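Q: Sequence first, then the predicted structure:
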Amino acid sequence: MYSDFDVESWLASAPVIRETYPSPAGKGTSEEILLRKRYIELANIFLQLKYNPEKGKILLLQSFLVEKRNQTVEVIHHNHSISKGRVQDIGRDYLVLTSYFTKCWIPYSAMSEVKVPYGAPEFTNTHRYVFFDNHLRKRLLKNFGATVSKRSKLKEMFYRETLKTSLSRWKNSRIKVEMTDGQRYYGKLIRSEEEKLSLLVKNKKQDIHYRQIKSIKKSRFQ
């Protein structure tokens, strides 16, 4: 049996385990490293925009919209009409805007420009306060896939869905589809496929290609 003195001696001689941190991502101060990283990301996007305009435009929109998540933006379409709402979801090929009454999917191909409404405050990050969840951190490290799949907010952070996948969760819902040529269809969503969706309009099946869609709206109270 050990005495109190032996225990104190052992504790005093035991090596001190300190929390360690990974090596920095580069030379310089922390803010310099972060700004350089942001500069390289934007430089790569503009380089992509130069040599592959279609893909570069999508990357540029995604980069801008990520910073405006949960903020109000205006989407200007190719026919100069405007859709306004709060940025909820940023997918691979679409954006979701929400208002008090509607949820609106807009394909990137239907967008000409995105801007912050005049007079609205601009923030580079909507999170003014950060709460560190150590339990969530452990679950992400040990079981990333299962943890992310159970929470929609985590999906938005770590995974970008396609328009097809997003719409598949709203099967049998009534939606209004506005086309780039001005036509409108209102009916029940039957299915969403890789390049098109199918609506039941007045008991007739209507196939609509995503490239022809300007916006898809659903009432939030249906």
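A: Yep, it's here.
Q: Might you list the low-confidence residue ranges for this structure?
A: For the chain, residues meeting the criterion pLDDT under 70 lie at 1-26, 120-133, 152-153, 155-157, 221-222.
Q: ranges for the strands of it?
A: 72-77, 82-90, 94-98, 102-107, 111-115, 174-179, 184-192, 196-201, 204-209, 213-219 (DSSP state E).
Q: Let me know which of these is tucked in deepest.
A: For these, average neighbour numbers computed from mean count of other CB atoms under 10 Å are highest in strand 94-98, which has a mean of 22. From N, CA and C alone the C-beta is placed, and that goes for glycine too.
Q: Give the pairing partners of that strand; include direction for each.
A: Its sheet considered, strand 94-98 pairs with strand 82-90 (antiparallel), strand 102-107 (antiparallel) by DSSP bridges.
Q: Spit out the contact partners of the residue minimising distance to the centre of the chain.
A: Geometric centre of the chain, nearest residue: Ile90, 3.2 Å, by CA atoms, centre = their mean. Residues near Ile90 by CB atoms under 8 Å, 6 or more residues apart in numbering: Gln62, Leu65, Val66, Arg69, Val96, Glu156, Arg160.
Q: For PyMOL, write a command that selects the buried ones of the residues you listed.
A: Buried residues among these (16 or more other CB atoms under 10 Å), as a PyMOL selection:
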select buried, resi 62+65+69+96+156+160
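Q: Distance to Tyr210 added to the strands paired with strand 94-98, as a markdown table?
A: Output for the strands paired with strand 94-98, formatted as a markdown table (distance: least, CB to CB, whole Å):
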| stretch | distance to Tyr210 |
| --- | --- |
| strand 82-90 | 16 |
| strand 102-107 | 6 |
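Q: Out of those strands, flag the one nearest Glu195.
A: Closest to Glu195 of the strands paired with strand 94-98, according to CB to CB: strand 102-107, at 11.6 Å.
Q: Give me the angle between the closest one and strand 213-219.
A: 160 degrees (axes from the mean of the first three to the mean of the last three CA atoms, to 10 degrees).
Q: returning to what we had before: what bridges to the residue nearest to the centre of the chain?
A: Beta bridges link Ile90 to Leu95 when assigned by DSSP bridges.
Q: likewise Tyr186?
A: Residues in beta-bridge contact with Tyr186 (DSSP bridges): Lys176.
Q: which of the contacts of Ile90 lies closest to Leu141?
A: Distances from Leu141 to the contacts of Ile90, taken by CB to CB, are shortest for Glu156, at 19.7 Å.
Q: quick one, helices of this protein?
A: Assigned by DSSP state H, the helices in the chain fall at 4-13, 30-51, 53-67, 134-142, 144-149, 152-158, 163-168.
Q: Identify the residues contacting the residue nearest to Lys205 when sequence neighbours are not counted.
A: Closest residue to Lys205 apart from its sequence neighbours, by CB to CB, 6 or more residues apart in numbering: Ser198 at 5.9 Å. By CB under 8 Å, 6+ apart, the contact set of Ser198 is Leu189, Ile190, Arg191, Ser192, Lys205, Gln206, Asp207, Ile208.
Q: let's see it at 6 Å
A: Ser198 is in contact with Ile190, Arg191, Lys205, Asp207, counting by CB atoms under 6 Å, 6 or more residues apart in numbering.
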